[in-house]
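A.B. asks: My questions are about this predicted structure, shown below with the sequence.
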Amino acid sequence: AQSVSQHNHHVILSEAASLELGCNYSYGGTVNLFWYVQYPGQHLQLLLKYFSGDPLVKGIKGFEAEFIKSKFSFNLRKPSVQWSDTAEYFCAVMVTGGGNKLTFGTGTQLKVEL
Amino acid sequence: DAGVIQSPRHEVTEMGQEVTLRCKPISGHDYLFWYRQTMMRGLELLIYFNNNVPIDDSGMPEDRFSAKMPNASFSTLKIQPSEPRDSAVYFCASSFRTSGGWGGELFFGEGSRLTVL
């Protein structure tokens, strides 16, 4: 079965710092990749997704992620974080042909300090 | 525009009691998912339905867990009997299929936090 690894469980940054959250998956076939975000007190919501095409995907609020197939990675980036980016971020994988289900990583808690 | 509605938001119960969690998906969505979130295991898919039919229940931990979707606007997740290790946040999510297939976007409810003493 596929798995998703998010190695950074907690990240603390100052405002304006650059962000990169790691995500690796273990599956050799075709995958669709997602990042979800949960802001404090809110429900999980989709940040961005990759299905095919340009491996650099842009999402909401200035976030982007790059799919590197050779590294089985889909890291999330933002050039300059804001206090409002404080949230928990989840990477997820859907295996093509494996049913309509997402496998989530354990999440990375990001805290942005003023 | 109402999102996915879950109830109860919090439940504290004693070991051995029956627990029923409820979910109302977004109108028009034809997929419904139940996830469980714990510190140790993160978000785990328990079961999902398509057009009210259970498609994959391989994530249901054991026979104590059951889920139903009697109609397009309602689903339940039942635990009987409950155990302390069932303590977790249970999320319901709904989604929809487009002409291009399923896009993978889940619309989550706010979750039901269950504590079993």
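C.D. replies: Thanks, I have the structure now.
A.B. asks: Strands of chain A, start to end?
C.D. replies: A:3-5, A:10-14, A:19-21, A:24-26, A:31-38, A:45-50, A:56-58, A:64-68, A:73-78, A:87-95, A:103-104, A:108-113 (DSSP state E).
A.B. asks: Also chain B?
C.D. replies: Secondary structure of chain B (DSSP E): strands at B:5-7, B:10-13, B:19-24, B:31-38, B:42-50, B:53-56, B:65-71, B:74-79, B:88-95, B:97-98, B:101-102, B:107-108, B:112-116.
A.B. asks: Provide a list of residues in contact with A:K78.
C.D. replies: A:S18, A:L19, A:K61, A:G62, A:F63, A:E64, A:D85 (CB atoms under 8 Å, 6 or more residues apart in numbering or on different chains). Glycine gets a C-beta too; all of them are placed from N, C-alpha and C.
A.B. asks: Send over stretch B:21-39 as PDB, restricted to the C-alpha atoms.
C.D. replies: The C-alpha trace of stretch B:21-39 is given here as PDB (Å, rounded to 0.1, in the frame of the first residue of the first chain):
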ATOM      1  CA  LEU B  21     -21.500  10.000  14.700                       C
ATOM      2  CA  ARG B  22     -23.600  11.700  12.000                       C
ATOM      3  CA  CYS B  23     -22.800  13.500   8.800                       C
ATOM      4  CA  LYS B  24     -24.800  15.600   6.300                       C
ATOM      5  CA  PRO B  25     -22.800  16.000   3.100                       C
ATOM      6  CA  ILE B  26     -23.000  18.900   0.700                       C
ATOM      7  CA  SER B  27     -26.100  18.700  -1.400                       C
ATOM      8  CA  GLY B  28     -25.300  17.300  -4.900                       C
ATOM      9  CA  HIS B  29     -22.100  15.600  -3.800                       C
ATOM     10  CA  ASP B  30     -22.100  11.900  -4.700                       C
ATOM     11  CA  TYR B  31     -19.100  10.800  -2.700                       C
ATOM     12  CA  LEU B  32     -18.900  10.600   1.100                       C
ATOM     13  CA  PHE B  33     -15.800   9.700   3.100                       C
ATOM     14  CA  TRP B  34     -15.200   8.900   6.800                       C
ATOM     15  CA  TYR B  35     -11.700   9.600   8.100                       C
ATOM     16  CA  ARG B  36     -10.200   9.200  11.600                       C
ATOM     17  CA  GLN B  37      -7.400  11.400  12.900                       C
ATOM     18  CA  THR B  38      -5.100  10.500  15.700                       C
ATOM     19  CA  MET B  39      -1.700  11.900  16.700                       C
END
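A.B. asks: How far away from the center of its chain is it?
C.D. replies: Put simply, stretch B:21-39 sits 5 Å off its chain's centre (CA atoms, centre = their mean, to the nearest Å).
A.B. asks: How about stretch B:98-108?
C.D. replies: 18 Å.
A.B. asks: re the thing from before, I'd like the contacts of A:K78 written out as JSON lines, with neighbour count and distance to chain B added.
C.D. replies: Below are the contacts of A:K78 laid out as JSON lines (neighbours: other CB atoms under 10 Å in any protein chain shown; distance: CB to the nearest CB, whole Å):
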{"residue": "A:S18", "neighbour count": "10", "distance to chain B": "26"}
{"residue": "A:L19", "neighbour count": "20", "distance to chain B": "20"}
{"residue": "A:K61", "neighbour count": "12", "distance to chain B": "16"}
{"residue": "A:G62", "neighbour count": "14", "distance to chain B": "19"}
{"residue": "A:F63", "neighbour count": "21", "distance to chain B": "15"}
{"residue": "A:E64", "neighbour count": "16", "distance to chain B": "18"}
{"residue": "A:D85", "neighbour count": "20", "distance to chain B": "19"}
